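# Generate a structure from the sequence data that follows.
(2 chains)
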Amino acid sequence: MVADNAYSRFVAILRIVLPLVAIGLLSTLFLFSRKVDPERAIPFAEVDVEAILREERVNQPTYTSVTQKGTAVSVSAKSVLTDVGNADNANADEIVARLDFPSGTRALISSAKGNLDSPSSILNLEGGVVILTSDGLRIETAALTTSLVNTDIRTQGTVTAEGSLGTLTAGQMHLTETGGENGSYVAVFNKGVKLVYRPGDTGDER
Amino acid sequence: QGAQVAFGGLKQDASLPVEVTADSLEVNQADGSAVFTGNVLIGQGEMRLSADKVRVEYNTSGGIDKMHAMGKVLLVSGGEAAEANEAVYTIETASIVMTGSVILTQGDNALSGQTLTVDLASGTGRMEGRVSTVFNPSSAKE
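Coordinates of the predicted model:
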């Protein structure tokens, strides 16, 4: 094939150059390797692994039981940390305890911090505790202790309560359960009680 | 027979806040009762009612309907004072019914009977049952 004119010569050159360029492009797919960074590939949390192992921290624990008089108790917390020295003692935070009484009344106790003493199954709640009952009673106090075996809640210091009865302040409160099938709670406020009741509203101005 | 007496003489607004102070209060949700015990003092406006024990009775909407005071009940309002064994104070109607050897003292003279019904709103009272009056001659001149 005599390439006598320019165009044919041009096409003949292209027939050689173009495949070479193609092979070159193809090779960049494999020959130029990207530096793969193994660290970046797997994202993992920065939490210190040894700390988790040493601390024996339990997250979102829940504890449920029924008291002798038939009240269902369920306690849950954000996390529980057992004391390193004394395994019987555990600190928990953001605790919510729920009491379901046989009569259907319900009480919800929430507190910022708490401490569980397992042998005596006493839960000490502190850092501001709020008790809400399903019949519209709201009790607030700084700290209280509650037993997990039977309903026995005692506040450490003064307590304020609000409900259809009006607003009430007392030196101390002791809440227990009454047995029987319509068993519910009995709250005894003592050490000086002061109640203010406004006849106008029925205490639901919250 | 009965005797109409002025009591306290001033109109009392029934919607004033009621204050109760006591040594202890027991709220029993099972039977819905609330009992104040230990030198209980109920105050509303000018009226003071003190007793050993007061049981609160709720009305249907959950508010306080009646207060049933027992044990050395003493009612003081304005210039008058009345003692009795028991008293029932109904908040809406602002009326107090005192029963059991009631003694009402007004200034120097005293009135005793079986039941005393006091209407705080109109400041009047009505004593019934073997009413007898101790009239103090010295105050007869006024």
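# which secondary element of chain A has the worst mean pLDDT?
Among the helices and strands of chain A, helix A:38-41 carries the lowest confidence by mean pLDDT, DSSP states H and E, at a mean of 70.
# Looking at the residue most central in space within chain A now. What's its pLDDT?
In chain A, the C-alpha nearest the mean C-alpha coordinate belongs to residue A:78, at 3.3 Å (Cα atoms, centre = their mean). At residue A:78 the predicted local confidence, pLDDT, stands at 88.
# So the residue nearest to it when sequence neighbours are not counted: helix, strand or coil?
What sits nearest to residue A:78 in space, not counting adjacent residues and going by Cβ to Cβ, 6 or more residues apart in numbering or on different chains, is residue A:94, at 3.9 Å. Every C-beta, even on glycine, is put in place using the N, C-alpha and C of the backbone. When classified by DSSP: H, G, I helix; E, B strand; the rest coil, residue A:94 comes out as strand.
# Touching, residue A:94 and residue A:75? I think so.
No. The pair residue A:94 and residue A:75 fails to qualify as a contact (Cβ atoms under 8 Å) at a distance of 11.6 Å.
# related to what we said a few turns ago, which residues sit in contact with the residue nearest to the centre of chain A?
A:59, A:60, A:92, A:93, A:94 (Cβ atoms under 8 Å, 6 or more residues apart in numbering or on different chains).
# For it, give its distance to residue A:116.
With the distance defined as Cβ to Cβ, to the nearest Å, residue A:78 ends up 14 Å from residue A:116.
# shared neighbours, these two?
Contact criterion Cβ under 8 Å, 6+ apart; residues shared by residue A:78 and residue A:116: residue A:92.
# hmm, back to that, for residue A:94 and residue A:75, indicate the residue with more neighbours.
The residue with more neighbours, out of residue A:94 and residue A:75, is residue A:75; 23 against 15, by other Cβ atoms under 10 Å in any protein chain shown.
# Quickly note the distance from that one to chain B.
Using Cβ to the nearest Cβ, to the nearest Å, one obtains 21 Å as the distance from residue A:75 to chain B.
# doesn't residue A:97 make contact with that residue?
Yes. The pair formed by residue A:75 and residue A:97 meets the contact definition of Cβ under 8 Å, at 4.4 Å.
# Can you pull the residues that touch both of these two?
Jointly contacting residue A:75 and residue A:97 under the rule Cβ under 8 Å, 6+ apart are residue A:123.
# what about residue 112, how many neighbours?
No chain in the question, so chain A it is. By the criterion of other Cβ under 10 Å, residue A:112 has 13 neighbours.
# hmm, I had chain B in mind actually
Applying other Cβ under 10 Å, we find 20 residues neighbouring residue B:112.
# again, but for residue B:4
A total of 9 residues lie near residue B:4 under the criterion other Cβ under 10 Å.
# mind checking which helix or strand it is in?
Secondary-structure element containing residue B:4, defined by DSSP states H and E: strand B:2-6.
# on contacts alone, who are the packing partners of the next helix or strand after that strand?
With elements assigned by DSSP H and E, the helix or strand that comes after strand B:2-6 is strand B:18-22. With contacts defined as 3 or more Cβ pairs under 8 Å, 6 or more residues apart in numbering or on different chains; DSSP states H and E, the packing partners of strand B:18-22 are strand A:185-197, strand B:33-44.
# and of the ones you listed, who's closest to residue A:122?
Among those, strand A:185-197 comes nearest to residue A:122, with 18.3 Å by Cβ to Cβ.
# Would you mind giving me the confidence score for whichever residue of chain B sits closest to chain A?
Closest to chain A within chain B is residue B:62: 3.3 Å, counting by Cβ to the nearest Cβ. At residue B:62 the predicted local confidence, pLDDT, stands at 72.
# SS state for residue A:16?
Judged by three-state DSSP, the three-state class of residue A:16 is helix.
# Look up the residues forming beta bridges with residue B:111.
Beta-bridge partners of residue B:111, counted by DSSP bridges, are residue B:104, residue B:133.
# count of residues packed around it?
Burial measure for residue B:111: 21 neighbouring residues, criterion other Cβ under 10 Å.
# For residue A:160, see how far away it is.
42 Å.
# isn't residue A:171 right next to residue A:155, touching?
No. Using Cβ under 8 Å, residue A:171 is not in contact with residue A:155, being 9.1 Å away.
# quick one: secondary structure of the nearest residue to residue A:63 once chain neighbours are set aside?
Once its chain neighbours are removed from consideration, residue A:63 has its nearest residue in residue A:75; the separation is 4.5 Å (Cβ to Cβ, 6+ apart). Judged by three-state DSSP, the three-state class of residue A:75 is strand.
# cool, residue B:84 as well?
At residue B:84 the chain is in strand, as set by three-state DSSP.
# Name all residues that make contact with it.
B:73, B:75, B:98, B:99, B:100, B:101, B:102, B:103, B:116.
# the more surrounded of residue A:171 and residue A:155?
Set side by side, residue A:171 and residue A:155 show more neighbours around residue A:155, with 25 against 16, by other Cβ under 10 Å.
# one step back: in PyMOL, how would I select the buried members of the contacts of residue B:84?
The command below creates a PyMOL selection of those among the contacts of residue B:84 that count as buried (16 or more other Cβ atoms under 10 Å in any protein chain shown):
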select buried, chain B and resi 73+75+98+99+102+103+116
